[in-house]
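Chemist: Curious how this folds, go ahead:
(chains A, B, C and D, ligands or ions: 4)
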There are 2 protein chains.
Amino acid sequence: MLNYSTSEENYIKAIFHLQRQDNTVTTNELANELKTKPASVTDMMKKLKIKKLLHYEPYQGFRLSIEGYKVALGIVRRHRLWEYFLAEKLKFTWDEVHEVAEDLEHVSNKKLIDKLDEFLGFPRVDPHGDPIPDAHGKIEISKKICLTDLPLNKVAVVSGVSNQSSEILELLEHKKINIGIKLEVKKRFEFDHSIEVRIGRQPAFTISKELAENIFVKYGS
Amino acid sequence: MLNYSTSEENYIKAIFHLQRQDNTVTTNELANELKTKPASVTDMMKKLKIKKLLHYEPYQGFRLSIEGYKVALGIVRRHRLWEYFLAEKLKFTWDEVHEVAEDLEHVSNKKLIDKLDEFLGFPRVDPHGDPIPDAHGKIEISKKICLTDLPLNKVAVVSGVSNQSSEILELLEHKKINIGIKLEVKKRFEFDHSIEVRIGRQPAFTISKELAENIFVKYGS
DNA sequence: TAAATATTTTAGATTTGTCTAAAAATATTT
DNA sequence: AAATATTTTTAGACAAATCTAAAATATTTA
Ligand SMILES: [Mn+2]
Ligand SMILES: [Mn+2]
Ligand SMILES: [Mn+2]
Ligand SMILES: [Mn+2]
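Modeler: Ligands and ions are numbered 1, 2, ... in the order given. Just a heads-up that it's a prediction; the model follows:
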């Protein structure tokens, strides 16, 4: 596997994240995501196309190639392992890890990352509940259900949060909702779309529509 | 403290190491150390002078300014903490850590480094026996004595090794000489300048002049 | 001390990644 | 189907870091 510049890696990872939603990514979307200008995106897309990391025809948007997808998984693996390290070992909070991992992810020494993985005990998910690709690029694609869509009285595990701000963290900590916790939805209110939730045998409590929209769960352990 | 580019940091750190020996550093010395060309060094020296990180007049060589020295200590702190992490936590060997730390040292997030320091238990020396500057830039300047100069029958502690190759590591591991181990010199032979060494109450053994020249010790614990 | 040699700096080019402004292509309205 | 608006690309410029070749300066040698 070749080595790519920090800038190339940031573009590749951003495309990886954006193309999950739609099928292809547009110049403006990517420029917006990376806080850069459309002209810069076009320049980089030409370069990544030459390196065969993506499919791109002028004005048609772009997608990662098989090779580009593999490279992206490597970057995501490094990013999430470092996030796990920061949260678990260095006691960073949940909302602080992303920014630091954004730099650490670009140190691409295979042995470093595989030993870090081992040191951490081969974690499956990062502090935001997102799956960590293994050394071979395998990634668990568990389908996440938004809390707004979870059927009533079905126990599910909180597996991720889509918003990573310190504001949502404050609220989640106050409500004692962490990744991995089991909960069920007891009731939905039509008026404000608020949701009544219960964790284990504790008394049920209410969370807002806004919060519920950002919490994802999955079935099973 | 401002932020500097990876390239600027590599130059600053190299000057820091070179100026310990002599008083001022020359263009060729630095170009050689960084495996770059003299013209590139001159360009960077002009830039670092403008940033007030060093004293430099054309043709006169250069030294770090007080400010440049502080910046260098920060880089060295990061480098050596990562080296300690790699050796202690990830079980890298001694001769592998430098290369990886060379990249990790450029992730300059104050909180990351201070938390890493805490996680590691505030280590005083890196895996090569070199002192780690603390969060305020304080560094222990213990005077190292080369094993060739240690008086006979004086117990001293192995505190560093000047050569960092895997070849010297192989030999040191075979002879069971590690950083922190206590030893004394029992005899010196005029013929080949080999040295007879004893660790604790174990039987004495001989090491070559070449090896002794690369081992440094200090008195006390 | 003058010539030869070595070191250092300058001049000019190159690569990478970015930007602004203008042109071209595409999409949306009327 | 034009006209209008939006998106994307191109053209040209710029900063950072590097290089080669030539010029300037310093050091050594005879
Ligand atoms: Mn990044
Ligand atoms: Mn994450
Ligand atoms: Mn470095
Ligand atoms: Mn070291």
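
Chemist: Grab the most central residue of chain A for me.
Modeler: A:Asp130 (4.9 Å; Cα atoms, centre = their mean).

Chemist: where does that residue land on pLDDT?
Modeler: On pLDDT, A:Asp130 comes in at 86.

Chemist: Distance-wise, check it relative to A:Asp114.
Modeler: 20 Å (Cβ to Cβ, to the nearest Å). Glycine gets a C-beta too; all of them are placed from N, C-alpha and C.

Chemist: With A:Glu140 instead?
Modeler: In terms of Cβ to Cβ, A:Glu140 sits 18 Å off from A:Asp114.

Chemist: Quick check: the residue nearest to the centre of chain A touching A:Leu81?
Modeler: No: using Cβ atoms under 8 Å, A:Asp130 is not in contact with A:Leu81; the gap is 11.5 Å.

Chemist: all strands of chain A, in order?
Modeler: A:54-56, A:62-64, A:145-146, A:156-161, A:182-188, A:195-198, A:205-207, A:215-218 (DSSP state E).

Chemist: Summarise which helices and strands the second one is packed against.
Modeler: Read it as strand A:62-64. With contacts taken as 3 or more Cβ pairs under 8 Å, 6 or more residues apart in numbering or on different chains; DSSP states H and E, strand A:62-64 sits against helix A:6-21, strand A:54-56.

Chemist: does any part of the shortest one sit near DNA strand C?
Modeler: No: legend: contact between strand A:54-56 and DNA strand C by Cβ under 7 Å from any atom of the strand is lacking; minimum distance shown is 13.4 Å.

Chemist: partners of that strand, with directions?
Modeler: Paired neighbours of strand A:54-56 in the sheet (DSSP bridges): strand A:62-64 (antiparallel).

Chemist: quick one: the strand it pairs with near DNA strand D?
Modeler: No: judged by Cβ under 7 Å from any atom of the strand, strand A:62-64 and DNA strand D are separated, with a smallest distance of 7.9 Å.

Chemist: by contact count, what packs against the biggest helix by length in chain A?
Modeler: What stands out as the longest helix in chain A, according to DSSP state H, is helix A:66-88. Judged by 3+ Cβ pairs under 8 Å, 6+ apart, helix A:66-88 is in contact with helix A:6-21, helix A:97-104, helix A:110-119.

Chemist: Would you mark the buried spots in the longest one?
Modeler: Right, helix A:6-21. Under the neighbour-count criterion of 16 or more other Cβ atoms under 10 Å in any protein chain shown, helix A:6-21 has A:8-16, A:18-19 buried.

Chemist: Tell me which residue in chain A sits closest to ligand 1.
Modeler: A:Glu102 (4.0 Å; Cβ to the ion).

Chemist: Count the residues that sit near the residue nearest to that residue when sequence neighbours are not counted.
Modeler: With Cβ to Cβ, 6 or more residues apart in numbering or on different chains as the criterion, A:Glu102 has its nearest non-adjacent residue at 7.4 Å, and that residue is A:His79. For A:His79, the neighbour count with other Cβ atoms under 10 Å in any protein chain shown is 24.

Chemist: Reformat the strands of chain A as a markdown table; add distance to ligand 2, mean pLDDT and mean neighbour count.
Modeler: Listed next are those as a markdown table, based on distance: least, Cβ to the ion, whole Å; pLDDT from 0 to 100; neighbours: other Cβ atoms under 10 Å in any protein chain shown:
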| stretch | distance to ligand 2 | mean pLDDT | mean neighbour count |
| --- | --- | --- | --- |
| strand A:54-56 | 23 | 97 | 19 |
| strand A:62-64 | 19 | 97 | 21 |
| strand A:145-146 | 18 | 91 | 16 |
| strand A:156-161 | 9 | 87 | 20 |
| strand A:182-188 | 21 | 90 | 17 |
| strand A:195-198 | 23 | 94 | 20 |
| strand A:205-207 | 22 | 94 | 16 |
| strand A:215-218 | 13 | 91 | 22 |
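
Chemist: pLDDT-wise, which helix or strand of chain A ranks last?
Modeler: Least confident helix or strand, chain A: strand A:156-161 with a mean of 87, by mean pLDDT, DSSP states H and E.

Chemist: how about a markdown table for the helices and strands packed on helix A:66-88, with mean pLDDT added?
Modeler: Shown next, in a markdown table, are those (pLDDT from 0 to 100):
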| stretch | mean pLDDT |
| --- | --- |
| helix A:6-21 | 95 |
| helix A:97-104 | 97 |
| helix A:110-119 | 98 |
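
Chemist: so which of those helices gets nearest B:Val217?
Modeler: helix A:110-119 (30.9 Å; Cβ to Cβ).

Chemist: CA atoms of that closest one as CSV?
Modeler: The C-alpha trace of helix A:110-119 is given here as CSV (Å, rounded to 0.1, in the frame of the first residue of the first chain):
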residue,chain,number,x,y,z
LYS,A,110,1.4,-0.4,10.0
LYS,A,111,3.2,-1.9,13.0
LEU,A,112,2.3,1.1,15.2
ILE,A,113,-1.4,0.7,14.4
ASP,A,114,-1.5,-3.1,14.8
LYS,A,115,0.4,-3.0,18.1
LEU,A,116,-1.9,-0.2,19.3
ASP,A,117,-4.9,-2.3,18.3
GLU,A,118,-3.5,-5.2,20.4
PHE,A,119,-2.6,-3.0,23.3
